[in-house]
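> From the sequence below, what's the structure:
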Amino acid sequence: MRENEVPQENNCTLEGHRKAVYARGDDGRIRLVATTGWEVEEIVTRQAVEDLDRLTADARQRALAGQTSPLEYHMHRRRLDLTLLSQLTGLWQWRIRRHFRPDVFAGLGPSLLARYAEAMGIGVEELKKVD
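Residues are numbered from 1 along each chain as shown. Below you'll find the predicted structure:
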């Protein structure tokens, strides 16, 4: 995209802020250009946030019904997925999925719970419950 073609459509999801994108200048060099966003980006961002909100609500309902552990709910609430939580905790994905089982989660030790809580930026007591 050329420098003078960078959209400035005041994306609401940026809340009045600007962000930097790369564009080609008149001299042919790539440089950073400030943008207020564009409509397509806003639509996609809103859809992604709606999907995350839906995943959080679904996990909350399943956790309250005893079908999954609070870990899955908090993972979605903190806008994480299994891959990212695995990277943050250093645990294998299959092991985290196993901890989604309420009976397995109930038996987790304090150090593992603290590891999850730290990765999500919440307290251990908050991790154990669903609000």
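
> list the contacts for the residue nearest to residue 11 when sequence neighbours are not counted?
Leaving aside its chain neighbours, residue 11 sits nearest to residue 37 (2.5 Å; criterion: CB to CB, 6 or more residues apart in numbering). The way it works is simple: take the backbone N, C-alpha and C, and place the C-beta from them, glycine included. Applying CB atoms under 8 Å, 6 or more residues apart in numbering to residue 37 gives the contacts 7, 9-11, 13-14, 19.

> Need the residue closest to the centroid of this structure.
Geometric centre of the chain, nearest residue: residue 79, 2.4 Å, by CA atoms, centre = their mean.

> isn't that residue right up against residue 53?
No. Counting by CB atoms under 8 Å, residue 79 stays clear of residue 53, with 9.8 Å between them.

> Tell me the pLDDT of the nearest residue to residue 121 once chain neighbours are set aside.
In this structure, residue 121 finds its nearest non-sequential neighbour in residue 78, 7.0 Å apart by CB to CB, 6+ apart. Here, the pLDDT recorded for residue 78 equals 96.
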